[in-house]
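Chemist: What follows is a predicted protein model with its sequence.
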Amino acid sequence: MNTNVTDTNYPAVAVPVLFSADLRRTSMFYSDALGFAVYRESDGLRVRRSQLDLKITLMTNADLMANLSVVFRVDEIGKLHEEYRGRSLPNLGQVKHGICGKPQFSLTDPDGNSLYFVETA
């Protein structure tokens, strides 16, 4: 079995999964507030914007939904933050340098999921 994690012959793609108690509300937030394209799937939603890709599944157990987060790597973080600032999003954090030294900001979706956006360069 080959366990070489630097093997570039097989590009790894991971799609984060978050939970929502109300898929309609979540769909509206990601499409209207964040500018993601929203696609219905049999077990929830798929939301995409450029290279950002996220799966959202219905979950009504609040204990299982608590404290989830996802980190998106983005180009031109200042431009994205300015766009979101213009949309008057609640819980939109300021751009600051994170522990990795790269500019980042965060916000929270209606289900309390934390979304972190970090500059790729």
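Modeler: Received the coordinates, thanks.

Chemist: in this structure, which spans are strands?
Modeler: Taking DSSP state E to define them, one finds strands in the chain at 17-20, 37-41, 44-49, 52-58, 69-74, 96-97, 103-108, 114-119.

Chemist: Next, the angle from the longest helix along the chain to strand 52-58.
Modeler: Counting residues, the longest helix in the chain under DSSP state H turns out to be helix 77-86. In terms of direction (axes from the mean of the first three to the mean of the last three C-alpha atoms, to 10 degrees), helix 77-86 departs from strand 52-58 by 40 degrees.

Chemist: before we move on, the earlier item: of the strands of the chain, flag the one that's most buried.
Modeler: Most buried of the strands of the chain by mean neighbour count (mean count of other C-beta atoms under 10 Å) is strand 17-20; its value is a mean of 20. Heads up, the C-betas are built off the backbone N, CA and C, glycines and all.

Chemist: which residues touch that strand?
Modeler: For strand 17-20, contacts defined as C-beta atoms under 8 Å, 6 or more residues apart in numbering pick out 26, 44-45, 54-59, 64-65, 68, 70, 109-111, 113.

Chemist: who does the longest helix of the chain touch, helix- and strand-wise?
Modeler: strand 103-108, strand 114-119 (3 or more C-beta pairs under 8 Å, 6 or more residues apart in numbering; DSSP states H and E).
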